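>>> Here is a sequence together with a model predicted from it:
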Amino acid sequence: GGRVPNAWFAQNADQPLMFFAGFWTPWKGVRKVRDGEREYELFGFLTTTPNEIVRPIHEKAMPAILTTPEEVDLWLTGDWADVKHLQRPLPGNMLVLVEPSANPKDEDLLL
C-alpha cells in the first residue's frame, strides 16, 4: 500500500549484463485530443510472475529477463512461437538483490 523503494538486481555478485525482453512498434493514433492524430514509437517490456527474490519487493510482476547472448538473439530474431518461453521468471538462484552505488560513475553505467 505504501511507496515501494527502488530495488537493484543482478544475476550474481559479478553483475553481468542482462536484458529485459521488450518490444517496439510504430503507432498512429490520438493520445491528446488537442494534438489530433500523430505518429508515435511505442516501447514496452514483458513481465511475468515474480520469483522468490522479487516477490517481497513487488508481489505482482517482474520483467522477463534475458541472460545469455543466445536468448537475446532469439528474442530479436524469432517468431512469438519460438520466443514465448522466454516470458518466465528467472529461477531464484539466477538473481540476487544488490546495493546501488552511492555515486554511480559514468563508466559504471556502461558496464
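Received the coordinates, thanks.
>>> which residues of the protein fall in strands?
8-10, 19-20, 22-30, 37-45, 47-48, 62-63, 65-66, 96-98 (DSSP state E).
>>> which one of these is the most hemmed in?
Highest mean neighbour count among the strands of the chain (mean count of other C-beta atoms under 10 Å): strand 65-66, with a mean of 22. Where C-beta positions appear, they are placed from N, C-alpha and C, glycine not excepted.
>>> Show me the beta-bridge partners of the residue positioned nearest the centre of the chain.
In the chain, the C-alpha nearest the mean C-alpha coordinate belongs to residue 20, at 3.2 Å (C-alpha atoms, centre = their mean). Assessed by DSSP bridges, residue 20 has beta-bridge partners residue 65.
>>> so it makes contact with residue 64?
Yes: with contacts counted by C-beta atoms under 8 Å, residue 20 reaches residue 64, the gap being 6.8 Å.
>>> Name the residues contacting each of those two.
45-46 (C-beta atoms under 8 Å, 6 or more residues apart in numbering).
>>> For residue 12, which non-adjacent residue is closest in space?
Here the nearest residue to residue 12 in space, its sequence neighbours aside, is residue 96; by C-beta to C-beta, 6 or more residues apart in numbering that works out to 6.1 Å.
>>> In JSON lines: the strands of the chain, plus distance to residue 83 and mean pLDDT.
Conversion of the strands of the chain to JSON lines gives the following (distance: least, C-beta to C-beta, whole Å; pLDDT from 0 to 100):
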{"stretch": "strand 8-10", "distance to residue 83": "22", "mean pLDDT": "89"}
{"stretch": "strand 19-20", "distance to residue 83": "13", "mean pLDDT": "95"}
{"stretch": "strand 22-30", "distance to residue 83": "11", "mean pLDDT": "94"}
{"stretch": "strand 37-45", "distance to residue 83": "13", "mean pLDDT": "95"}
{"stretch": "strand 47-48", "distance to residue 83": "13", "mean pLDDT": "96"}
{"stretch": "strand 62-63", "distance to residue 83": "15", "mean pLDDT": "95"}
{"stretch": "strand 65-66", "distance to residue 83": "10", "mean pLDDT": "96"}
{"stretch": "strand 96-98", "distance to residue 83": "25", "mean pLDDT": "89"}
